[in-house]
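Enquirer: I would like the atomic coordinates for the input below:
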Amino acid sequence: MSKVSPSKLEYIKLIEELKLRQTDLETRNRELSKQISRYNLNTLTNIENESKLFTLADNLPGYIAFVNAKTLTYGYVNKAYQNSFGIPIEEIVGKHVREVIGETNFQFALKYIEMVLRGKSASYENTFNMVNGKRWISVNYAPDFDKAGNVSSIIVLTYDITERKNAEQLLKENETKLLQLNAEKDKFFSLIAHDLRSPFNVFLGFTKKMVEELDTMPIKDLQKITLSMSNSATNLFQLLENLLDWSRFQRGLLNFDRELFLLNPKITDGIQLALDSANKKGIKIELSIPEGMLILADKNMLGSIVRNLTANAVKFTPKGGKILIKACSLQGNSTEISVKDTGIGMNKNILEHLFMLNEKTGRRGTEGEPSTGLGLIICKDFVEKHGGKIWAVSVEGKGSTFKFTLPASGV
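Expert: Next up is the predicted model:
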């Protein structure tokens, strides 16, 4: 048996060691390959899920963002978020929240951000300057935790609630107006109830006197009583007629039918009820209305306006006075109608509170005629229904002029 040289023996050992190392490397390689495969699969799944998540977020109507909890810089925003501020995503991601929403809004949001950093959800509503102007935004913060249980990011979900806020504000304003209107109506009806008592008290007093003294009553006294009763009945009729018109108008039961017609005949017809009272006081009523002037209006409402303004003028004009009813065309295709008297006029306080439902501006006429102010309120409602305006000019002791505008022909 021949000897094996040392160099050859070392070579054989080296070969054996190499084989062992190769086996070990192959084992490790197989294990590493398995780990790499698992890593690649998980990474691919995460990428696919992340892509789906971003696609979903971009199609949601809300504004979504992820903010780094430590630096308060944006890590992600969806399309709605970037569009709302009009800033490209590359100019938002990496920026501090303060730089995007502004210093004022950031200071307002800071206390809510601090709540989220303590692990609690938070929400608030505030106005933001967006690309389409100032908007009301509902902001909701939620914490996102890492494996150690620490807040790693803030999930931001916001919605534009401007329409809701506007609706709430409108509802609040309407509620306030409704409460105010109800209070005004309550006060108004209280005033009307008081004014209704006056003519009824006259009736009751005179009828009682007639029952007790009719057989012995002189004919002149009887004539005075019947005249007073007639005047009270006329005033009561006018008041009840106005109440009926106003009530129907408020409930939407009064028809509004505009038509084109000659103004002069309607004005003439509207003053007829006031002529008897005017004649008794020696008041002259004159008309200054261009022949052929046309007006586009509701005949019944215009008649009521003229009737009330004329009766009002007669009431506050002393004996021998004068009333002028005038009409003229204005620029913008409208007509101005005025009722001017030489009566007692009004002071500044009465003038400022005319046409107000909750203010009693009624006062006794020059011959003690009762007045509630309801006729002027009806005039205002009817004029405004036509899209016109009504106002008064007066100097105490020198008379008053009531003016109103209505659309002329061709509107």
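
Enquirer: alpha carbons only for contacts and neighbour counts from here, please
Expert: OK.

Enquirer: can I assume residue 169 sits in a strand?
Expert: No - counting by DSSP: H, G, I helix; E, B strand; the rest coil, residue 169 is not found in a strand; it is helix.

Enquirer: what about it, neighbour count?
Expert: When neighbours are defined as other C-alpha atoms under 10 Å, residue 169 has 12 of them.

Enquirer: ditto for residue 314
Expert: Per other C-alpha under 10 Å, the neighbour tally for residue 314 reads 30.

Enquirer: Could you list the low-confidence segments of the stretch 301-411 of the chain?
Expert: By pLDDT under 70, the low-scoring segments of the stretch 301-411 of the chain are 357-362, 370, 408-411.

Enquirer: For it, which segments are assigned as strands?
Expert: Using DSSP state E, counting those that start in this stretch, the strands of the stretch 301-411 of the chain run over residues 322-330, 334-341, 390-395, 399-407.

Enquirer: among those, which is nearest residue 156?
Expert: strand 390-395 (55.0 Å; C-alpha to C-alpha).

Enquirer: elements contacting that closest one?
Expert: Secondary-structure packing of strand 390-395 (3 or more C-alpha pairs under 8 Å, 6 or more residues apart in numbering; DSSP states H and E): helix 348-352, helix 374-385, strand 399-407.

Enquirer: Which of the residues in it are classified as buried?
Expert: Neighbour-count burial for strand 390-395 flags 390, 392, 394 (criterion: 16 or more other C-alpha atoms under 10 Å).

Enquirer: same thing with stretch 239-251?
Expert: 239, 242, 243, 245, 246, 249.

Enquirer: Doesn't residue 64 lie inside a helix?
Expert: No - going by three-state DSSP, the assignment for residue 64 is strand, not a helix.

Enquirer: Specify the beta-bridge partners of it.
Expert: residue 157 (DSSP bridges).

Enquirer: residues touching it, list them.
Expert: 57, 77, 78, 80, 81, 155, 156, 157, 158 (C-alpha atoms under 8 Å, 6 or more residues apart in numbering).

Enquirer: Leaving out sequence neighbours, find the closest residue to the second one.
Expert: Same thing as residue 77. What sits nearest to residue 77 in space, not counting adjacent residues and going by C-alpha to C-alpha, 6 or more residues apart in numbering, is residue 65, at 4.2 Å.

Enquirer: Now do the same contact list for that neighbour.
Expert: Residues near residue 65 by C-alpha under 8 Å, 6+ apart: 74, 75, 76, 77, 78, 81, 155, 156, 157.

Enquirer: Please tell me how far it sits from residue 368.
Expert: Applying C-alpha to C-alpha, to the nearest Å, the value for residue 65 to residue 368 is 77 Å.

Enquirer: can I get the strands of the stretch 301-411 of the chain in JSON lines with distance to residue 222?
Expert: Output for the strands of the stretch 301-411 of the chain, formatted as JSON lines (distance: least, C-alpha to C-alpha, whole Å):
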{"stretch": "strand 322-330", "distance to residue 222": "31"}
{"stretch": "strand 334-341", "distance to residue 222": "33"}
{"stretch": "strand 390-395", "distance to residue 222": "39"}
{"stretch": "strand 399-407", "distance to residue 222": "35"}
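
Enquirer: Let me know which of the helices and strands packed on strand 390-395 is the nearest to residue 179.
Expert: Here helix 374-385 is closest among the helices and strands packed on strand 390-395 (C-alpha to C-alpha), at 19.2 Å.

Enquirer: The closest one to strand 390-395, inter-axis angle?
Expert: Comparing the axes of helix 374-385 and strand 390-395 via axes from the mean of the first three to the mean of the last three C-alpha atoms, to 10 degrees yields an angle of 130 degrees.

Enquirer: Could you list the residues in contact with helix 374-385?
Expert: With C-alpha under 8 Å, 6+ apart as the criterion, helix 374-385 contacts 239, 242-243, 245-246, 301-302, 304-305, 308-309, 354-357, 389-390, 404-406.

Enquirer: Drop anything exposed from those.
Expert: Neighbour counting by 16+ other C-alpha under 10 Å classes 239, 242-243, 245-246, 301-302, 304-305, 308-309, 354-357, 389-390, 404-406 among the contacts of helix 374-385 as buried.

Enquirer: Provide a list of residues in contact with residue 85.
Expert: Taking C-alpha under 8 Å, 6+ apart as the definition, contacts of residue 85 comprise 100, 129, 130, 131.

Enquirer: quick one: contacts for the closest residue to residue 329 other than its chain neighbours?
Expert: Spatial nearest neighbour of residue 329, chain neighbours left out: residue 335 (4.6 Å); criterion: C-alpha to C-alpha, 6+ apart. Neighbouring residues of residue 335 by C-alpha under 8 Å, 6+ apart: 295, 327, 328, 329, 405, 406, 407, 408.
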